[in-house]
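K.L.:
Build me a model from this:
(chains A and B)
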Amino acid sequence: MGHLRESATFNRSVIAEIQRAADTGIYDIRGWGAKRPLPHFDDLLFLGASMSRYPLEGYRERCDTDVVLGDRSAKYPLHLDIPITIAGMSFGALSGPAKEALGRGASEVGTSTTTGDGGMTPEERTQSKFLVYQYLPSRYGMNPDDLRKADAIEVVLGQGAKPGGGGMLLGQKISPRVAAMRTLPEGIDQRSACRHPDWTGPDDLTIKINELREITDWEKPIYVKVGATRTYYDVKLAVHAGADVVVVDGMQGGTAATQEVFIEHVGVPTLAAVPQAVQALQELGVHRKVQLIVSGGIRNGADVAKALALGADAVAIGTAALIALGDNHPRYSAEYEKLGSAAGFFDDFQDGTDPAGISTQDPQLASRFDPVEGGRRLANYLRVLTMEAQTIARACGKSHVCHLEPEDLVAVTIEAAAMARVPLAGTDWIPGQR
Amino acid sequence: METLVALDLATTPLREVNTALHAQGLTGDYVIAHPDGAHNIAVGLNAPIRVTIAGHVGYYAAGMNQHAHVTIDGNAGTGVAENMMSGTVWVRGSASQSAGATAHGGLLVIEGKAAARCGISMKGVDIVVGGDVGHMSAFMAQAGRLVVRGNAGEALGDSIYEARIYVRGDVASLGADCIAKEMRPEHHVELQSLLAAAGFDDDTAEYTRYGSARSLYHFHVDNATAY
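P.N.:
Numbers count the residues shown, from 1 in each chain, chains lettered A, B, ... in the order given. Just a heads-up that it's a prediction; the model follows:
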């Protein structure tokens, strides 16, 4: 086979997709986020303290992790113990027990979890100390009673996996309960809108945010979530519209079901979006007053610390949280292979055939998943992320993880230096700035 | 006899007016004077009260209404009665776009005309419009009934799910997957009841029923042009 030469342009994966498209006549739909290599937090490094800065004693000196979200105009802002939140994922995309586990894990470590495009379930409300209720274009299950039960409201304009795209849930997952919550027939391929039905543009959003405040008597923080694209402008407009918190989701952010072409070719990397968002907040004089939550490819405490150092107030995790619950676990290797996938590669969240019982509405598969055990695993993982971020923050001499700053960072690639706006390591060169 | 409570937006901030209307265990009649096109009037009501807004309103009047009976003695801006759950919202004049958007229940009556996207993504509400409705009305309508006593603009019922639409006049064009359907006896009964609830007694034989062809319910190559 040594004489065979694979085309870099038409490699086996590309050829397989052309063949699949020709066979079916419909685009490929999958879950997960962008899988292509992208400049990311891995391309940044911290400058630990030595002579010019002094570090904090690793196991003795305090390094706090708490964060207050939404104190600009809400009567009851969220005071979280750690700056790592759980991103919006719908009941429908995920099973009821999986949603419950997200609530359990988040609550155990004092952070928030978030509903999704399918309404609020009693399981997640009961198990979540802090629950953020998403307000989406579809408005599936949206009702004022749940709005009043929420701890914060997140107006979703888009998500990193598909900025400009609407929701999608294939028929296999529209079980009787999911159908009832969404007011849809059972078993249909559900398309949901990409734009809100009753407002367009930032002036309307201002009025909409005020409506949500009036309905809930100005008690709850209002977040605005955008998929990372024209982040600088979108963040400015979100702040003008009255957001208490802006959530920016980069293109590595996950989805339960979206066209592959959308996931891989629309949006910008998280790394590129964070400095744009921070610049917008700084220019408006509201950095640290309107909080910034960053998501899309957060995997470890270093990613958390880097996002905070670039100016985020908190991060959100979705894909990593599902992995912590048990998604793609090797114990299901044989079953992943039967589905034509493998542990570590499985991304067919749209199919509802998840052997781990997480991204499914099949009662038998869902029953494999133990929400108590899942919650414990998630809490463990969140504790590790937090301790890792603290380790780095102490090494940089910070008594709070949110005291990390761009000055603590360098980049190891020119691309990352340009996007993150920190110097290339060993130089004082920030491409595009000087 | 319930007393009538007067609230005046010329002298009372909106936030105080809405907070007063959110009080626990509220009953009785309320009049809101001098609305002057303000947005978000009487939103989030959750009691069987009667509220009359004495004039024109801006966006989202009576948004997310539960149980209350709200009368708008004028025209309504965008998204009147958006996401209503129950109760009644009655507009004496005309309504701007997205009237009754995503509403899950209750009755919305618009005596005049309604602009574009009336009943967009409706999820169980009943809407009766005295005059015409604009383009893309009942877009992605999931459940509930929309009655149009006048004409309907372009792309009526585009990508409709299980909502039913009754139109007396002309329809400029139907949206993807929306088709005319037979008026069976139960539809005449249903329509008559909806019209009566809104104070009309039209001959239901003058109406045509529209609904989903259900051909877009599953992704399929044959539907590619409709997506």
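
K.L.:
Once you drop chain neighbours, what's closest to A:Ala90?
P.N.:
Careful, residue A:90 is Ser; it's not Ala. Spatial nearest neighbour of A:Ser90, excluding adjacent residues (Cβ to Cβ, 6 or more residues apart in numbering or on different chains): A:Gly116 at 2.9 Å. Placement of C-beta: from N, CA and C, glycine included.

K.L.:
secondary structure class for B:Val89?
P.N.:
Classification of B:Val89 using DSSP: H, G, I helix; E, B strand; the rest coil returns strand.

K.L.:
correction: B:Pro35
P.N.:
coil.

K.L.:
need the contact list for the spatially closest residue to it that is not a sequence neighbour.
P.N.:
Spatial nearest neighbour of B:Pro35, excluding adjacent residues (Cβ to Cβ, 6+ apart): B:Gly55 at 4.6 Å. Shown in contact with B:Gly55 (Cβ atoms under 8 Å, 6 or more residues apart in numbering or on different chains): B:33-37, B:73-74.

K.L.:
who's in contact with the closest residue to chain B within the stretch 101-250 of chain A?
P.N.:
Of all residues in the stretch 101-250 of chain A, A:Ile215 sits closest to chain B, at 3.2 Å by Cβ to the nearest Cβ. A:Ile215 sits next to A:144, A:147-148, B:18, B:43-44, B:63-64 when contact means Cβ under 8 Å, 6+ apart.

K.L.:
Which ones among those residues lie within helices?
P.N.:
Applying DSSP state H to these, the entries found in helices are A:144, A:147-148, B:18.

K.L.:
okay, those residues in TSV with neighbour count and distance to A:Glu337 next?
P.N.:
Below are these laid out as TSV (neighbours: other Cβ atoms under 10 Å in any protein chain shown; distance: Cβ to Cβ, whole Å):
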residue	neighbour count	distance to A:Glu337
A:Pro144	21	47
A:Leu147	19	44
A:Arg148	16	47
B:Asn18	23	58
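
K.L.:
Just the closest of those to A:Val410, please.
P.N.:
Comparing those against A:Val410 with Cβ to Cβ picks out A:Leu147 as the nearest, at 44.6 Å.

K.L.:
List the contacts of the closest one.
P.N.:
A:Leu147 touches A:133, A:153, A:212, A:215-216, B:64, counting by Cβ under 8 Å, 6+ apart.

K.L.:
Quick check: of the residues you listed, which lies closest to B:Arg145?
P.N.:
Nearest to B:Arg145 among these, with distances taken as Cβ to Cβ, is B:Met64, at 20.0 Å.

K.L.:
so what's that closest one closest to, chain neighbours aside?
P.N.:
Closest residue to B:Met64 apart from its sequence neighbours, by Cβ to Cβ, 6+ apart: A:Pro144 at 4.2 Å.

K.L.:
Likewise for A:Pro330?
P.N.:
Nearest one to A:Pro330, counting by Cβ to Cβ, 6+ apart, is A:Ala343 at 4.6 Å.

K.L.:
what about the stretch 251-400 of chain A, any weak spots by pLDDT?
P.N.:
Filtered on pLDDT under 70, the stretch 251-400 of chain A yields no residues whatsoever.

K.L.:
Extract the residue ranges of chain B that are flagged as low pLDDT.
P.N.:
Within chain B, the stretches with pLDDT under 70 are B:1-2, B:224-227.

K.L.:
Run through the helices of it in chain order.
P.N.:
B:14-21, B:185-197.

K.L.:
Using PDB, write out the CA atom coordinates for the longest one.
P.N.:
If I follow you right, that is helix B:185-197. Extracted in PDB, the C-alpha atoms of helix B:185-197 (Å, rounded to 0.1, in the frame of the first residue of the first chain):
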ATOM      1  CA  PRO B 185     -69.200  19.800  10.500                       C
ATOM      2  CA  GLU B 186     -67.000  20.000  13.600                       C
ATOM      3  CA  HIS B 187     -65.000  22.800  12.000                       C
ATOM      4  CA  HIS B 188     -68.100  24.900  11.500                       C
ATOM      5  CA  VAL B 189     -69.100  24.300  15.100                       C
ATOM      6  CA  GLU B 190     -65.600  25.200  16.300                       C
ATOM      7  CA  LEU B 191     -65.400  28.300  14.100                       C
ATOM      8  CA  GLN B 192     -68.900  29.500  15.200                       C
ATOM      9  CA  SER B 193     -67.900  29.100  18.800                       C
ATOM     10  CA  LEU B 194     -64.700  31.100  18.300                       C
ATOM     11  CA  LEU B 195     -66.600  33.900  16.400                       C
ATOM     12  CA  ALA B 196     -69.200  34.000  19.100                       C
ATOM     13  CA  ALA B 197     -66.600  34.300  21.800                       C
END
